[in-house]
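Chemist: Build me a structure from this.
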Amino acid sequence: MPHKSDCSVFVADEAAMVKFGQQIARATSGGEVIFLNGDLGMGKTTLSRGVLQGFGHQGSVKSPTYTLVEPYELGDMTVFHFDLYRLGDPEELEYLGIRDYFTDQSICLIEWPERGEGVLPLADLLLNITVEQRGRRINWQAQTEKGRQLADKLKIS
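Modeler: Modelled structure (predicted):
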């Protein structure tokens, strides 16, 4: 098993959250699964918007709370933004064809991943967003070799 690496960054506001998301986009190589953990209102969707902007997306980004997944075709890469908050049972993901989303040409950003436990693959990178002072603290932990490489790139960006 690859070694785990823990890191964190403080983001002062929405613009800093978007900027960190853009850094994540630059650090990815394709095929990453990233879990976004945090209470309601912590900025998971804002972070996802930054990732999408980092890949060149110009439009709005809304949380796919009711559709569960929103695909963004961005050149050779597809970013799938999942929001599993309203998922009733993890088995519902099987009906979505969940395994088809995890390819080397995709990045999967998954909000509320604990709701898909037992069906979702192991995340390459776990992000946890918490309140700190007037901003947010983002902690991340790699769980795979691909995640370690991503975490290492985020440390130096």
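Chemist: Spit out the contact partners of the closest residue in space to Thr144 that isn't next to it in sequence.
Modeler: Using CB to CB, 6 or more residues apart in numbering and skipping the chain neighbours, the partner closest in space to Thr144 is Asp124 (4.7 Å). C-betas here are computed from N, CA, C, even on glycine. By CB atoms under 8 Å, 6 or more residues apart in numbering, Asp124 lies in contact with Glu32, Val33, Ile34, Ala142, Gln143, Thr144, Lys146, Gly147, Leu150.
Chemist: What separation do you get for the residue nearest to the spatial centre of the chain and Arg134?
Modeler: The residue lying closest to the centre of the chain (CA atoms, centre = their mean) is Leu109, at 3.2 Å. Per CB to CB, to the nearest Å, Leu109 is found 25 Å from Arg134.
Chemist: next one: phi and psi at the residue lying farthest from the centre of the chain?
Modeler: Ranking residues of the chain by C-alpha distance from their mean position (CA atoms, centre = their mean) puts Gln133 at the top, at 23.3 Å. Gln133 adopts backbone torsions of phi 50, psi -120, taken as degrees, to the nearest 10.
Chemist: any idea where the strands of the chain begin and end?
Modeler: Per DSSP state E, the chain carries strands over the ranges 6-11, 33-37, 69-74, 77-83, 106-111, 125-132, 135-142.
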